[in-house]
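Engineer: I would like to see how this sequence folds:
(one chain, ligands or ions: 1)
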Amino acid sequence: MLTQRLPDHVTAMIDWYYDTLPGARFAAELHALRAAGEIVPVRALGGEMPVHYILSHRALADAFRDGEHFPPGHAYQIISLPFIGETFMSMNEDRHRQWRPPMTPSFKRSAVDRMDQHRLAAIGHALLDELEGLDTVDLVAEFTRRYAFRVICDQLGLPIEDERHYYQWSMDLMFGGRDLEASRAADQRITAIAQPVFEARRREARDDQISRWVHGTSVAGEEITDASILAHIRLFFTAGATTTSDAMSNLFHALLTHPDAWRQCVEEPASQAGAIQELLRWNPPVAAQPRFTRPDREVSVAGVTIPPNSAVLFGIAAANRDPEVFGDPDRFDIGRGSATLLTFGPGLRTCPGMHLAQKNLSTALRIVAERFPRLRLAPGAAVEPEGILLRGTNALPVSLR
Ligand code: HEM
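Structural biologist: Here you go, the predicted model:
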């Protein structure tokens, strides 16, 4: 049973789903929880819902791999299926195993390695061309969000005319439980864009994922219907593009608030890989992942018994700052070197987009450092990453020269 006694301000004040905990406050609150144990009780949904927060690297690595007691499909049936539709993510393990490979061919390491090595850079350069001659811009609105969605749209075969709305629509879909109206409206807009593309690709195939899906892919005898393709587009917008965009925004925020690290990335491009790894540890865009225990089974993790049917948070950001694993964990240190990150969720559901995400980050950092080496936060810019489940930087006003 849970016996920890938490400081009252921790249990009473914070909604561990929906509060924002900007900047350094997030890590401070996680360390306050950690003082009470590896797995601690917190509350979410305005205090209505008790949740077990897994904080330690050791306990989280075990929990991610324990699909028996923390079935991922079950969690996604609750948090994602009502808003995204049925995808391989919300399927139970047998069907998940059959559906995931044919739905993610463009994102596998081999496919990402085979991608035209200039394609990602070309997408990034086209956006940076628009910034030439300007002094101050919002790097999130003008670059990171558009870049992430352009890459996904390029792979799927979707148009980018409405790209400036794609991030917000995806967030509205993902947090549909908070605002059903907004979620439905976002769904209608995305459907209206995607459906004509299905028709067009049926008439004439192109070298994109939608063409491959509409031209006869079936999985274990189940046809991939338009409804299923639409659900997977919603999945790649939400799980794929918003996460990449937030990681990229957090990366530039981290580097520009640590100007020595930025300078090092500009002067020694070989240090850029370390900066990306450190960002993925220090401020991961998927900060916590909801799971639920089975309705009929309790589970014991790190000496704590979690009852059946309990809400659990897999604390990725917390584990990435576990002082047992990472020395001086709150320091952003791009020379830290390799370590076992839980950022992409090890185990049954390891992120299928992790190679693409890392290639996106390294391309974006390389070309921005080459073209705008004097990049810095605009005077007076007071922006910080925020969010407890998904963590991003909503705006990043920068001076380009
Ligand atoms: C830095 C960027 C990214 C991060 C930090 C990230 C992180 C994660 C995490 C933590 C999971 C959950 C694993 C679990 O439930 O055990 C996940 C799953 C997933 N991610 Fe990513 N992701 C990123 C980018 C992407 C991209 C670029 C794509 C696709 C293009 C993608 C597609 C998915 C999908 C489809 C799943 C569900 C996997 C399954 O259920 O089998 N992600 N990701």
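Engineer: Near the residue in the stretch 51-200 of the chain that the ligand sits nearest to, how many other residues are there?
Structural biologist: In the stretch 51-200 of the chain, the residue that lies nearest the ligand is residue 89 (3.7 Å; CB to the nearest ligand atom). For the C-beta atoms, the positions are set from N, CA and C on the backbone; glycine is no exception. Neighbour count of residue 89, defined by other CB atoms under 10 Å: 24.
Engineer: Give me the pLDDT for the closest residue to it other than its chain neighbours.
Structural biologist: Using CB to CB, 6 or more residues apart in numbering and skipping the chain neighbours, the partner closest in space to residue 89 is residue 76 (4.9 Å). Looking at residue 76, its pLDDT reads 94.
Engineer: cool, and the one 4 residues further on?
Structural biologist: The per-residue pLDDT reported for residue 80 equals 91.
Engineer: What's the local residue count around it?
Structural biologist: For residue 80, using other CB under 10 Å, the count is 23.
Engineer: quick one: is the helix or strand harbouring residue 248 near the ligand?
Structural biologist: Assigned by DSSP states H and E, residue 248 belongs to helix 243-256. Yes. Under the criterion of CB under 6 Å from any ligand atom, the ligand is reached by helix 243-256 at 243, 244, 247.
Engineer: I'd like those residues as CSV, with neighbour count appended.
Structural biologist: Listed next are the residues of helix 243-256 next to the ligand as CSV, based on neighbours: other CB atoms under 10 Å:
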residue, neighbour count
243, 23
244, 25
247, 26
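Engineer: Could I get the contacting residues of the residue most central in space within the chain?
Structural biologist: With distances taken as CA atoms, centre = their mean, the chain has residue 243 as the residue nearest its mean C-alpha position (2.9 Å). By CB atoms under 8 Å, 6 or more residues apart in numbering, the contact list for residue 243 reads 285, 286, 353, 357, 390.
Engineer: My understanding was that the first one contacts residue 250; is that so?
Structural biologist: Yes. Taking contact to mean CB atoms under 8 Å, the distance of 6.3 Å between residue 285 and residue 250 places them in contact.
Engineer: Looking at these two, which one has more neighbours?
Structural biologist: residue 285 (26 against 23).
Engineer: Count the residues that sit near the residue nearest to the more buried one when sequence neighbours are not counted.
Structural biologist: Spatial nearest neighbour of residue 285, chain neighbours left out: residue 246 (3.6 Å); criterion: CB to CB, 6+ apart. Counted with other CB under 10 Å, residues neighbouring residue 246 total 28.
Engineer: The one 5 residues further on now?
Structural biologist: If you count neighbours by other CB under 10 Å, residue 251 ends up with 26.
Engineer: The nearest residue to it once chain neighbours are set aside: neighbour count?
Structural biologist: Once flanking residues are discounted, residue 251 sits nearest to residue 279: 4.5 Å by CB to CB, 6+ apart. Number of residues near residue 279 (other CB under 10 Å) recorded here: 25.
Engineer: What of residue 65?
Structural biologist: Residues near residue 65, counting by other CB under 10 Å, number 13.
Engineer: residues in contact with it?
Structural biologist: By CB under 8 Å, 6+ apart, the contact list for residue 65 reads 346, 347, 348.
Engineer: how much space between it and residue 347?
Structural biologist: Distance of residue 65 to residue 347, computed by CB to CB, to the nearest Å: 4 Å.
Engineer: List phi and psi for whichever residue of the stretch 151-300 of the chain sits closest to the ligand.
Structural biologist: In the stretch 151-300 of the chain, the residue that lies nearest the ligand is residue 240 (2.9 Å; CB to the nearest ligand atom). Here is the backbone geometry of residue 240 (degrees, to the nearest 10): phi -100, psi -50.
Engineer: How confident was the prediction at it?
Structural biologist: pLDDT, read off for residue 240, is 95.
Engineer: Test my guess that it contacts residue 152.
Structural biologist: Yes. The pair residue 240 and residue 152 passes the contact test of CB under 8 Å, sitting 5.4 Å apart.
Engineer: Which strand or helix spans residue 62?
Structural biologist: Going by DSSP H and E, residue 62 is part of helix 57-65.
Engineer: buried set for that helix?
Structural biologist: 57, 59, 60, 61, 62, 63, 64 (16 or more other CB atoms under 10 Å).
Engineer: Quick check: the residue nearest to residue 89 touching residue 90?
Structural biologist: Yes. Using CB under 8 Å, residue 76 is in contact with residue 90, at 4.0 Å.
Engineer: Sweet, I'm off.
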